[in-house]
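J.: make a model of this:
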Amino acid sequence: MMSSGHTLFDPVGVLGAGAWGTALALVAARGGHKVRLWVREADILEGIADRRENARFLPGIALPEAIEATGRLEHLAPCRALLMSVPAQFAREWLVRLAAILAPGTPVILCAKGIERATGLLMSEMLREAMPGAIPAVLSGPSFAADVAKGLPTAITLATADEELGRSLLAAFGQPAFRPYLSSDILGAEMGGAVKNVLAIACGIAEGKGLGESARAALMTRGFAEMRRFAVALGAREETLMGLCGLGDLILTCSSRQSRNFQTGLRMAGGTAGPLAFNAQGAVAEGVETAPALLARARRHGVEMPICEAVANIIEGREPVDAAIAGLLARPFKQEY
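T.: A predicted model of the protein is given here:
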């Protein structure tokens, strides 16, 4: 790493102490940075202060002294870069509050993957409304928080329109086991992360219904076609979706029971009533709220997304799981491209 990376963004702020926010705080600390981790939950704040552990979300992972946990938002004011790890549906409130305390021109790296249901906006679009003085960047790709926290090899996309900033962020946070690849396509990076969560719910449903590995492969492949169509319609570059933040993240999230969205699909297939936004630890499955917002925006752009539409219909109670599956299987045959 470049030596300037150790101090350029100090202190680094992290908003949100779920599994992903805490893992990213560890990445920053391992890179030699002083980190201020904003924590909403009293038990997590106490656990980090007393035992250097986030026992709720990352049990057994020791947090170094370089990570300072705080429950006061104003303690993030001196931060020269902010990793935003609050779920999409709750982000706007905190961005508005941060706009009053962070210096203009502060890089805000968006690390949650979703679409704001109330507005249909992606995270970067929300950021421009709520905090127009910030410089947006997006961190997205195939990465489970537990793997990153343990220091296991992970590659991820870092997207920003500011090339100089992007190179500085690579120098500051890139490590042998945490490998960001630079992109200038913010929109493409966001679209991959948002859509794959919805498709992971579909794959979890298929798993729960015992439809087989072939069905899951079909869902992933045809879902990837939906992802690409929608992203390109919004102005993203198709090749971005072929990378870590699109295809890579899709493969991971749709293939593993570690995925919260995959687990949500499993529970829906088992007949659990209602849209399941939270697992037993209170962690958000972003695809639950993203699916209806995604469908509404796709319709405005005239983009057909039958798999995502089926998931949204199940979540909103318009269609039972078995009927949604039957509807997909009854679609007319056509050319692949």
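
J.: which ones are touching the residue nearest to the spatial centre of the chain?
T.: Ranked by distance to the mean C-alpha position of the chain (CA atoms, centre = their mean), the top residue is residue 113 at 2.7 Å. Listed by CB atoms under 8 Å, 6 or more residues apart in numbering, the contact partners of residue 113 are 88, 140, 190, 193, 194, 196, 197, 249, 286. From N, CA and C alone the C-beta is placed, and that goes for glycine too.

J.: the strands in this protein, which residues?
T.: 12-15, 35-38, 67-70, 81-84, 107-110, 135-140, 154-159, 178-183 (DSSP state E).

J.: can I get those strands in a markdown table with distance to residue 165?
T.: Shown next, in a markdown table, are the strands of the chain (distance: least, CB to CB, whole Å):
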| stretch | distance to residue 165 |
| --- | --- |
| strand 12-15 | 14 |
| strand 35-38 | 19 |
| strand 67-70 | 23 |
| strand 81-84 | 9 |
| strand 107-110 | 6 |
| strand 135-140 | 6 |
| strand 154-159 | 10 |
| strand 178-183 | 10 |
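
J.: return the most buried member of these.
T.: The highest mean neighbour count among the strands of the chain, using mean count of other CB atoms under 10 Å, belongs to strand 12-15: a mean of 29.

J.: average pLDDT across stretch 224-231?
T.: For stretch 224-231, mean pLDDT rounds to 97.

J.: same deal with stretch 138-158?
T.: Mean pLDDT, stretch 138-158: 98.

J.: so how far does it reach from one end to the other?
T.: End-to-end span of stretch 138-158 (CA to CA, to the nearest Å): 6 Å.

J.: residue ranges in the protein under the pLDDT threshold?
T.: 1-7, 273-283 (pLDDT under 70).

J.: helices along that one, start to end?
T.: Assigned by DSSP state H, the helices in the chain fall at 19-30, 42-51, 88-99, 123-130, 145-149, 163-173, 186-208, 213-233, 238-241, 249-253, 260-269, 287-300, 306-315, 321-329.

J.: now the fifth one, how far from the centre of its chain.
T.: Looking back up the chat, that one is helix 145-149. 14 Å (CA atoms, centre = their mean, to the nearest Å).

J.: got a list of contacts for it?
T.: Under CB under 8 Å, 6+ apart, the answer for helix 145-149 is 18-20, 22-24, 26-27, 57-58, 61, 154, 178, 258.

J.: let's go with 7 Å and repeat that
T.: For helix 145-149, the external contacting residues (CB atoms under 7 Å, 6 or more residues apart in numbering) are 19, 20, 22, 23, 26, 27, 58, 61, 154, 178.

J.: how many neighbours does the closest residue to the fifth one other than its chain neighbours have?
T.: Once its chain neighbours are removed from consideration, residue 26 has its nearest residue in residue 149; the separation is 5.5 Å (CB to CB, 6 or more residues apart in numbering). If you count neighbours by other CB atoms under 10 Å, residue 149 ends up with 23.
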